[in-house]
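In: make a model of this:
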Amino acid sequence: MVIIYNCYGGTHSSILASAIHLKNLPVNQIPTNQEILKVEYFNKLTYSDMGRLLFHGVDDEGNKVYTIGRGISKALVPAMRNLVIALCRDNGINEHFLFVNCSPTVPPLMTMGGFFSRALHMDFIGVPLLIAGTKQTYYNITKLVEKSKEICRENSQKYLVINVDEKGRLSVFN
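Out: Numbering: from 1, shown residues only. This is a model prediction of the structure:
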């Protein structure tokens, strides 16, 4: 399975989800400020990185974990999904894909922190807000990751593309 966590900037909630998924952050407790800030790519990507697919690693089940920032585009993830479907059908690729929208987990504090830090380059304001927002929503992100892992374990179709939308609804394409 290929898992692609996505969010607006690709540098906060999706990065945290990938770190939780790969056990680089704990599931059962909120990480410290230092643990959050040392996550690779957390609050490091810029506007020019949007649309860039980043590989983070392979989980215990052999699933490949990626992230991508989609910006305000409502077309990026559907375009990726359609490309995956076409490639699988045309080339006999037997692979499963899970696109997970992390944006519903983002609280206003994290949004404001990201804006101050990434857009205005005011880390002295943005980073504390990001940390507070991360701690506020951390268990929401862990629940989303656990749901993603559950979907991966239960999936047994030839090839499948699953999308988790902004309201947590599943869409299945094959």
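In: list the buried residues of the helix ranked longest in the chain.
Out: If you go by DSSP state H, the chain has its longest helix at helix 123-154. Judged by neighbour count using 16 or more other CB atoms under 10 Å, the buried positions of helix 123-154 are 126-127, 129-138, 141-142, 144-145, 148-149, 151-152. Where C-beta positions appear, they are placed from N, C-alpha and C, glycine not excepted.
In: what do you get for stretch 90-109?
Out: Going by 16+ other CB under 10 Å, stretch 90-109 has these buried residues: 96-103, 105-107, 109.
In: just stretch 79-91 next, same as before
Out: Of the residues in stretch 79-91, those buried (16+ other CB under 10 Å) are 80-81, 84-85, 88.
In: among those residues, name the ones in helices.
Out: 80-81, 84-85, 88.
In: want to try a markdown table for those, with distance to residue 17 and pLDDT as columns?
Out: Below are those laid out as a markdown table (distance: CB to CB, whole Å; pLDDT from 0 to 100):
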| residue | distance to residue 17 | pLDDT |
| --- | --- | --- |
| 80 | 17 | 88 |
| 81 | 18 | 85 |
| 84 | 19 | 88 |
| 85 | 23 | 85 |
| 88 | 24 | 86 |
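In: and residue 12, what pLDDT?
Out: pLDDT recorded at residue 12 is 97.
In: let me redo that: residue 103
Out: 89.
In: how close does it sit to residue 92?
Out: For residue 103, the distance to residue 92 (CB to CB, to the nearest Å) stands at 34 Å.
In: perfect, I'm done here.
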